[in-house]
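Novice: starting from these lines, generate the structure:
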Amino acid sequence: MPDAMDAVQADVDARIADALKRHQATATTRRPGLPACEQLDCGEPIEEARQRLGARLCTDCQREEDIRAHQYAPGRGR
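Specialist: Alright, predicted model coming up:
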């Protein structure tokens with residue numbers, strides 16, 4: 001008879017399998033990345049690995065974009 005830990009592990013396994021399926025579905029529909037940053041006045045090259053993941057900004061511009069998005073996220077009290 002399965003115990004509570006077996007049930008929890010089965011649930012975790014099912015959630016991981018579902019997340020992997022959703023990731024694989026979106027990975028095939030991603031648009032290709034760019035060889036250079038699309039930010040105006042930048043144009044820095046984008047690493048090939050990041051291009052394969054669909055990156056459109058260089059690492060520096062992406063970092064700035066992430067910081068900006070976090071600062072102005074809903075619920076930040078601003």
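Novice: so the chain: which segments form each domain?
Specialist: Following automatic domain parsing, one gets these domains for the chain: 1-30, 33-78.
Novice: just those domains: most buried one?
Specialist: A comparison of the domains of the chain by mean neighbour count, using mean count of other CB atoms under 10 Å, puts domain 33-78 on top with a mean of 12. From N, CA and C alone the C-beta is placed, and that goes for glycine too.
Novice: pLDDT on that domain, on average?
Specialist: In this model, domain 33-78 has a mean pLDDT of 89.
Novice: stretch 2-18 too?
Specialist: 92.
Novice: nearest residue to the residue positioned nearest the centre of the chain in space, please, no chain neighbours.
Specialist: Per CA atoms, centre = their mean, the C-alpha nearest to the average position across the chain is that of residue 53, at 8.7 Å. Using CB to CB, 6 or more residues apart in numbering and skipping residues adjacent in sequence, the residue nearest residue 53 is residue 33, 6.5 Å away.
Novice: wait, what's in contact with that neighbour?
Specialist: Counting by CB atoms under 8 Å, 6 or more residues apart in numbering, residue 33 makes contact with 46, 50, 51, 52, 53, 54, 55, 56.
Novice: can you put these in TSV and add secondary structure?
Specialist: Putting the contacts of residue 33 into TSV (DSSP: H, G, I helix; E, B strand; the rest coil) gives the following:
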residue	secondary structure
46	coil
50	helix
51	helix
52	helix
53	coil
54	coil
55	coil
56	coil
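Novice: among the residues you listed, which one sits closest to residue 25?
Specialist: residue 54 (14.3 Å; CB to CB).
Novice: what about the longest helix in this protein?
Specialist: Using DSSP state H, we find that the single longest helix of the chain is helix 4-27.
Novice: distance of residue 17 relative to residue 9?
Specialist: Using CB to CB, to the nearest Å, residue 17 is found at 12 Å from residue 9.
Novice: no further queries at this time; thank you.
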